[in-house]
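Participant: Below: sequence and its predicted model.
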Amino acid sequence: MIYSAWLKKLQSFLIIVFTWVISVQTDVLRPRGVSLSKASLYSPTKDFTCFDGTSTIPFSYVNDDYCDCFDGSDEPGTSACINGVFHCTNAGHRPQNIPSSQVNDGVCDCCDGTDEYATPELCSNTCEELGKEARAKAQHLADLHKAGNFIRLELIEKGNKKRQDMAEQLSQLEKDKAEAQKIKEEKEALKNELEAKENEALQVYRDAEEKERQKKEEDERQKQEKEASEQFSRFDSNNDGVLTVDEIKVGNIFDKNKDGEVDAEELQYFLGDKESVNKEEFMSITWPLLKPLLMMEQGMFRPAEAEATEEAEDEEAEDVPRVEDMDVTGSEDDNLDGDLSHDDAEDHDIEPDNSKSYDDETQKLIDEATEARRQFMDAERAMREIESNIRNFQQNLEKDYGLQQEYATLDGQCLEYEDKEYIYKLCLFQKVTQKSKNGGMEVGLGDWGEWAGEEGSKYSVMKYSNGVACWNGPNRITMVNIHCGLETKLTSVTEPYRCEYKIDFITPAACDDSNYMQQQTSHDEL
């Protein structure tokens, strides 16, 4: 009985002692504006050393409203130092640090009002209320991350499966490439062999065609020379081998404007600065200028102006050669007494083409070479397609889809957001575009660049850069802020700065439950 009573008294004493210890620990004496974690640095029993180590001062100088330390560490509770820091305990809510310049400035920055201790009636303590709201919000986010994390785990599984499939397909494509390269080389060798035989067989036709062309050119040249020679003899009335101004004036054909005389301008046209021309000069210089006039005089063709005027009245006008279309050294029959020869008008240089008739053996070689070329082109096209697919798979495998491939399945998925003026489209890991609701072309706001989150939260921000340049401005750029959500969608698009866009985007891929809890525990406790 006595032992029982003594035990109860001992238990009561221990509870009192424990309560006192806890109270002492949570109410450690420290200067105003100092956090509990730094309280040991402010011991009233010894001098205070500035945090930067530059000087040591008597403890009585701490919070004396005079800045003794360059780093402001001696004035945590006053506004004496421009670089000082004041700690708000904010019991019941989240602690915070504010610049000491905000102490006693008439604005309640701490929810417990301790920053305005000079006028305590100015601020009321709202920490309990704010803490309650913050805890409720934190709980909501924790529940959201927990629910979204289940979907995220599925995305991780699918992402890793996708990556594995891409790696397997890439391996198969590498094998296909080797086989395609072999086929291409075989087709190319066959093509080269058959083309050599084809060229050898066609060379016979080319040589014959070239010989025929040269013969026609020579016949035409002789014909032109004969015609020019005859015309020179016609105008060289004294047969002295020189055509003078007087002899030209007699020929009405030299009267270009048909005013009844050959004036100085017309002489200049045919003779240049010379007073006469010999037979060789006539054939090379004067005759090419004179020939169209002779043909027009005979009605073989008419000037372009006359043709345009008479075209509506004469349906045959379009078949009559025009002056500017004539080849004065061409194959038309140029004698003065007849029309153009039909055979001469139809003559052209012989050029091998598909409509050309060849002997059976040559045609067979052409057909075989044509088929070989087609097969080589097909093999080359197949090779290019394989190489293109390889590049695409390599690029995708090199992309950073998150620590656990949680964003892999979102690659290429396009999401839209509409405001009053524009429709925005985000194609993940590809590009961002903007299009007016009134129509017009899409404007590029950036192509996929990199993850741009701060240290510790790299995968919270996407950066899309090198968009279309603004008028007299830089290239457009878009930052995509990623948040946890139970669905994948865009929640807002803004342009906080000219040519710089900000997109808020939610997705279960961002609902990392363990990472979220770790981030919360790294903050000051509520």
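Facilitator: Received it, and whenever you're ready, just let me know what you need. Residues are numbered from 1 along each chain as shown.

Participant: State the distance from residue 217 to residue 228.
Facilitator: Applying C-beta to C-beta, to the nearest Å, the value for residue 217 to residue 228 is 16 Å. Every residue, glycine included, has its C-beta placed from N, CA and C.

Participant: So for the two, which sits in the more crowded spot?
Facilitator: Ranked by neighbour count (other C-beta atoms under 10 Å), residue 217 and residue 228 place residue 228 first, with 21 against 12.

Participant: Quick check, the more buried one in contact with residue 280.
Facilitator: No - the pair residue 228 / residue 280 is not scored as a contact, 9.9 Å apart, by C-beta atoms under 8 Å.

Participant: which residues touch the nearest residue to residue 283 once chain neighbours are set aside?
Facilitator: With sequence-adjacent residues excluded and distances taken as C-beta to C-beta, 6 or more residues apart in numbering, residue 283 is closest to residue 228, at 4.2 Å. Contacts for residue 228 were tallied using C-beta atoms under 8 Å, 6 or more residues apart in numbering; they are 282, 283, 287.

Participant: Redo the residues you listed as a markdown table? Include pLDDT and distance to residue 172.
Facilitator: Shown next, in a markdown table, are these (pLDDT from 0 to 100; distance: C-beta to C-beta, whole Å):
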| residue | pLDDT | distance to residue 172 |
| --- | --- | --- |
| 282 | 81 | 79 |
| 283 | 83 | 75 |
| 287 | 83 | 75 |
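
Participant: Write a PyMOL command that selects only the buried members of the residues you listed.
Facilitator: Only the buried entries of the contacts of residue 228 go into this PyMOL selection, using 16 or more other C-beta atoms under 10 Å:
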select buried, resi 282+283+287
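
Participant: Let's see which of the contacts of residue 228 end up in helices.
Facilitator: Assignment to helices by DSSP state H places the following of those there: residue 287.

Participant: closest to residue 104 among the contacts of residue 228?
Facilitator: Distance ranking of the contacts of residue 228 against residue 104, using C-beta to C-beta, places residue 287 first at 110.6 Å.

Participant: on that earlier part again, quick check, the residue nearest to residue 283 in a strand?
Facilitator: No - under DSSP: H, G, I helix; E, B strand; the rest coil, residue 228 falls outside any strand and is assigned helix.

Participant: Quick check: it vs residue 473, distance?
Facilitator: In terms of C-beta to C-beta, residue 228 sits 69 Å off from residue 473.

Participant: What ranges does the stretch 51-200 of the chain have for its strands?
Facilitator: When assigned using DSSP state E, counting those that start in this stretch, the strands of the stretch 51-200 of the chain occupy the ranges 56-57, 85-88, 96-99.

Participant: and residue 78, how many residues sit next to it?
Facilitator: The number of residues packed near residue 78 is 25, by other C-beta under 10 Å.

Participant: For it, which non-adjacent residue is closest in space?
Facilitator: The nearest residue in space to residue 78 (C-beta to C-beta, 6+ apart) is residue 65, at 4.7 Å.

Participant: Okay, buried residues for stretch 473-492 please.
Facilitator: Buried residues in stretch 473-492, counted by 16+ other C-beta under 10 Å: 476, 477, 478, 479, 480, 481, 482, 484, 485, 488, 490.

Participant: which SS class is the third one?
Facilitator: Taken by three-state DSSP, the conformation at residue 478 corresponds to strand.

Participant: Tell me the bridge partners for it.
Facilitator: Taking DSSP bridges, one obtains residue 464, residue 501 as the residues bridged to residue 478.

Participant: Give me the three-state assignment for residue 435.
Facilitator: The three-state assignment at residue 435 reads strand, by three-state DSSP.

Participant: quick one: it and residue 489, what's the gap?
Facilitator: For residue 435, the distance to residue 489 equals 18 Å [C-beta to C-beta].

Participant: Then residue 191?
Facilitator: Residue 191 is 54 Å from residue 489, by C-beta to C-beta.

Participant: what do you get for residue 158?
Facilitator: Distance of residue 158 to residue 489, computed by C-beta to C-beta: 19 Å.

Participant: ditto for residue 263
Facilitator: Relative to residue 489, and taking C-beta to C-beta, residue 263 is found at 88 Å.

Participant: Ok, residue 157 next?
Facilitator: Separation of residue 157 from residue 489 (C-beta to C-beta): 22 Å.

Participant: now residue 202
Facilitator: Here the criterion is C-beta to C-beta. By it, residue 202 lies 66 Å from residue 489.

Participant: Please apply the same query to residue 44.
Facilitator: For residue 44 relative to residue 489 (C-beta to C-beta), the value is 58 Å.

Participant: ok, now residue 297?
Facilitator: 85 Å.

Participant: quick one, helices of the protein?
Facilitator: All helices of the chain, identified by DSSP H, fall at 2-26, 127-235, 245-250, 264-271, 279-281, 287-297, 304-310, 342-346, 360-398, 513-522.

Participant: Just put those helices in CSV and tack on distance to residue 443.
Facilitator: Putting these into CSV (distance: least, C-beta to C-beta, whole Å) gives the following:
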stretch, distance to residue 443
helix 2-26, 59
helix 127-235, 31
helix 245-250, 71
helix 264-271, 61
helix 279-281, 68
helix 287-297, 58
helix 304-310, 49
helix 342-346, 58
helix 360-398, 25
helix 513-522, 36
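
Participant: hey, which of those is tucked in deepest?
Facilitator: Highest mean neighbour count of these: helix 287-297, a mean of 18 (counted as mean count of other C-beta atoms under 10 Å).

Participant: which helices and strands does that one pack with?
Facilitator: Helix 287-297 is packed against helix 127-235, helix 264-271, with contacts defined by 3 or more C-beta pairs under 8 Å, 6 or more residues apart in numbering; DSSP states H and E.

Participant: Any regions of the stretch 251-400 of the chain where pLDDT drops low?
Facilitator: 299-355 (pLDDT under 70).

Participant: What mean pLDDT does stretch 490-501 get?
Facilitator: Regarding stretch 490-501, the rounded mean pLDDT is 95.

Participant: which of the residues in that stretch are buried?
Facilitator: The neighbour-count check on stretch 490-501 (16+ other C-beta under 10 Å) flags 490, 493, 499, 500, 501 as buried.

Participant: Got the domain ranges for this structure?
Facilitator: Using automatic domain parsing, the domain parsing of the chain gives 31-125, 172-398, 408-522.

Participant: which one of these lies closest to residue 142?
Facilitator: Residue 142 sits nearest to domain 408-522 of all those, at 6.9 Å, using C-beta to C-beta.

Participant: how close does the residue nearest to residue 484 when sequence neighbours are not counted sit to residue 149?
Facilitator: Among residues not flanking residue 484 along the chain, residue 511 sits closest, at 4.0 Å (C-beta to C-beta, 6+ apart). Residue 511 sits 5 Å away from residue 149, going by C-beta to C-beta.
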